[in-house]
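Enquirer: Here is a sequence with its predicted model. Questions after.
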Amino acid sequence: MQLFERALSVLQSGVMILDEEYRVHFINHWLNKAFDTSEDLQGKVLFEHYPELVDFRIHQAVMQALKSGLPSLLSPGLNRSPLPLFRGQGARRERFSQSIRVQPMLSDGKRFCLIEVQDVSSMVRREALLNKQAEKLNQMALTDELTGIANRRHFNMMLERELRRSELQGTPLSLVFFDIDFFKQYNDHLGHQAGDKCLVAVSDYLRTQLQSYGYQVARYGGEEFCIILPGQAVDVAEHLAERCRKEIEELQLKHPSSNVAPVVTASFGVASKSDKQPETQTGLILRADNALYRAKLAGRNQVVVAERQDKESP
Amino acid sequence: MNDLTVLELDALAEIFNISVGRSASALSELTQEPVTMSVPVVHVMPIHRVIELLSPGIGAERLTCVSQMFNGSFSGEAMLMFPENSSLEIVRLMLGSQVPIEQLSEIEQDALNEIGNIILNACFSTIADMLQDTFSCDLPELTVASVDEILQKPESEQTVLFIQIQLALESQNLEGYLAFIMGSGSEANLQQALRGFLEGVQ
């Protein structure tokens, strides 16, 4: 018996037994030391000594064990730190995350409740770190490295989500595709670094101008960008595309090898889904890309709106 | 013993509705999120029927199962099961984590085990009240496995009290199942208690 008690006193986790009056029948050294007190808790009524615990989950779990004989588990995810337990000294003293098991026990016809406490703060910290890294990787996988705006993968996810929302709420949705005019010549003439700078300048402009409206911008690939306009019908999208076209021209980025202007310009294709018409993701992208293609054929630096999908093509 | 009557099944549904409702409010308190739960159907069937019912058509989606053994005038194994995807959804909504990983982390597993423990305990105390008995009960255990692995018991003719649970969390509707695999005599004791309960009501 003495050996068991000695083992409990050197155990590096907490053990406490409460009787039917919530009186501490036994508490091991590790747990008593972790409580925020220098007193010996043995013989004290736990919830009188710590009235702030009353009605919280730990109190309910103990009650359930003593009254109904049911065991409980208190996980660190749902209860960060059910008991006022601390570790470390001085400035490094902190309340630690716990995993607690509460089990009913019968002895000589009397009900007791065994509380088992583990310090899981290193597990919680490790998991927080892993979460942060996963989030960072996730972010990296969705961001275009050069421009810092969403990449194609992210664009596809956003468009899928907005299409579903549009379907559910019966709201319209518009999509704008645009392409920087004669970008290959720009690169050939001024070099790839200048080309990259041009792409960054255009996406910086897009980001600052559009994101406050709740419009989402992405780099689809190469010199091709896209804008998703949730809840907006075709007229708003066309107006916005026209504004972007004008303002990209007004960025005054010199483009000596362009056939349409002395500065960088772009061609735009607009496609919309009306509130009633169902539309697939591929369908919407194809129509926007097709409108962009026609804008290029028609001489570039302009906006073309795709035919509505419910109209017959001429 | 006789099969449970329609009236008895309805009474059970009502009783379980009260218990899961109670655990829903406990979970709301714990997670600071609105949680509602209800029990649309209670059914009694042999265990192999449960396996058939939960077996996916193609591909083997796994179930997440929290189980507790219990012993008394009502004895056996209680299980709360969710399709693996729903369990990921539940735990993320309740813990408020954002990161889409395909498997439950250690902390998420513990949290799910606790969620199951809260729901199962609420059911146990209701059954105990009804049977006017207490029973002893083990700590919950979490398993993620296929339906077959979870429910493969030596006696495939054991009776299961099978309960569908609907859980609403932040406009998401999720479905889970409670199964009480009853030991011999438990079903008869349950029926007897139900009769007493119904007589008291009438």
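Expert: Arrived safely, thanks for sending.

Enquirer: beta partners of the spatially most central residue of chain B?
Expert: By C-alpha atoms, centre = their mean, chain B has its centre lying nearest to residue B:178, at 2.3 Å. Residues in a beta bridge with residue B:178, per DSSP bridges, are residue B:80, residue B:163.

Enquirer: What pLDDT is listed against it?
Expert: At residue B:178, the model reports a pLDDT of 92.

Enquirer: Next one: it from residue B:75, what distance?
Expert: 16 Å (C-beta to C-beta, to the nearest Å). Where you see a C-beta, it was placed from the backbone N, CA and C, and this is true even at glycine.

Enquirer: What of residue A:99?
Expert: Residue A:99 is 28 Å from residue B:75, by C-beta to C-beta.

Enquirer: Tell me which of those two has more neighbours.
Expert: More crowded of residue A:99 and residue B:75, by other C-beta atoms under 10 Å in any protein chain shown: residue A:99, with 22 against 19.

Enquirer: Which strand or helix spans that one?
Expert: Assessed by DSSP states H and E, residue A:99 sits inside strand A:98-107.

Enquirer: That strand near chain B anywhere?
Expert: Yes. Judged by C-beta under 8 Å from any C-beta of the partner chain, strand A:98-107 comes into contact with chain B through A:99, A:101, A:103-104.

Enquirer: which residues of chain B fall in helices?
Expert: In chain B, the helices defined using DSSP state H lie at B:6-31, B:47-54, B:84-95, B:106-131, B:147-151, B:186-201.

Enquirer: residues in contact with the strand holding residue A:99?
Expert: A:17, A:58, A:61-62, A:64-66, A:69-76, A:79, A:81-83, A:85, A:111-120, B:110, B:136, B:139 (C-beta atoms under 8 Å, 6 or more residues apart in numbering or on different chains).

Enquirer: Make a PyMOL selection of whichever of those turn out to be buried.
Expert: Buried subset of the contacts of strand A:98-107, written as a PyMOL selection, criterion 16 or more other C-beta atoms under 10 Å in any protein chain shown:
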select buried, (chain A and resi 17+58+61+62+64+65+66+69+70+71+72+73+74+75+76+79+81+82+83+85+111+112+113+114+115+117+118+119+120) or (chain B and resi 110+136+139)
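
Enquirer: Please flag which of the contacts of strand A:98-107 sit within strands.
Expert: Residues of the contacts of strand A:98-107 located in strands (DSSP state E): A:17, A:72-74, A:111-119, B:136.

Enquirer: How many residues are close by the closest residue to residue B:194 other than its chain neighbours?
Expert: In space, and not counting its chain neighbours, residue B:194 is closest to residue B:8: 4.7 Å by C-beta to C-beta, 6 or more residues apart in numbering or on different chains. Residues within reach of residue B:8, counting by other C-beta under 10 Å, total 20.

Enquirer: residues from chain B in reach of chain A?
Expert: Counting by C-beta under 8 Å from any C-beta, the residues of chain B that sit close to chain A are B:26, B:30-31, B:68, B:91, B:94-95, B:97-101, B:105-108, B:110-111, B:113-115, B:117-118, B:121, B:124-125, B:128, B:134-140.

Enquirer: and residue A:190, what pLDDT?
Expert: Looking at residue A:190, its pLDDT reads 92.

Enquirer: can you check residue A:285 too?
Expert: 92.

Enquirer: Run through the stretch 201-314 of chain A and note the low-pLDDT ranges.
Expert: Confidence mapping of the stretch 201-314 of chain A against pLDDT under 70 gives the ranges A:308-314.

Enquirer: Identify the residue nearest the geometric centre of chain A.
Expert: Residue closest to the mean C-alpha point of chain A, counted by C-alpha atoms, centre = their mean, is residue A:135 at 7.2 Å.

Enquirer: buried set for the helix or strand containing that residue?
Expert: Per DSSP H and E: residue A:135 is located in helix A:121-142. By 16+ other C-beta under 10 Å, the buried positions in helix A:121-142 come out as A:121, A:123-124, A:127, A:131, A:134, A:142.

Enquirer: Show me which pair in the residues you listed is furthest apart.
Expert: Using C-beta to C-beta, the buried residues of helix A:121-142 reach their maximum pairwise distance at A:121 and A:142, which is 31.6 Å.

Enquirer: Flag every residue of chain A that's near chain B.
Expert: So chain A meets chain B at A:57, A:60, A:64, A:68-79, A:99, A:101, A:103-104, A:123-124, A:127, A:130-131, A:134-135, A:138 (C-beta under 8 Å from any C-beta).

Enquirer: State the mean pLDDT of the helix or strand residue A:158 falls within.
Expert: Element membership for residue A:158 (DSSP H and E) is helix A:152-169. Rounded to a whole number, the mean pLDDT of helix A:152-169 is 88.

Enquirer: and that helix, what does it pack onto?
Expert: Contact here means 3 or more C-beta pairs under 8 Å, 6 or more residues apart in numbering or on different chains; DSSP states H and E; on that basis helix A:152-169 packs against helix A:121-142, strand A:173-180, strand A:216-221, strand A:224-230, helix A:281-297.

Enquirer: Mind listing what's buried along it?
Expert: Along helix A:152-169, these residues count as buried under the neighbour rule (16+ other C-beta under 10 Å): A:154-155, A:158-159, A:162-163, A:166.

Enquirer: How far does that helix sit from its chain's centre?
Expert: 16 Å (C-alpha atoms, centre = their mean, to the nearest Å).

Enquirer: what do you get for stretch B:17-25?
Expert: 12 Å.

Enquirer: Also stretch B:164-179?
Expert: Centroid displacement of stretch B:164-179 relative to its chain, using C-alpha atoms, centre = their mean, is 11 Å.
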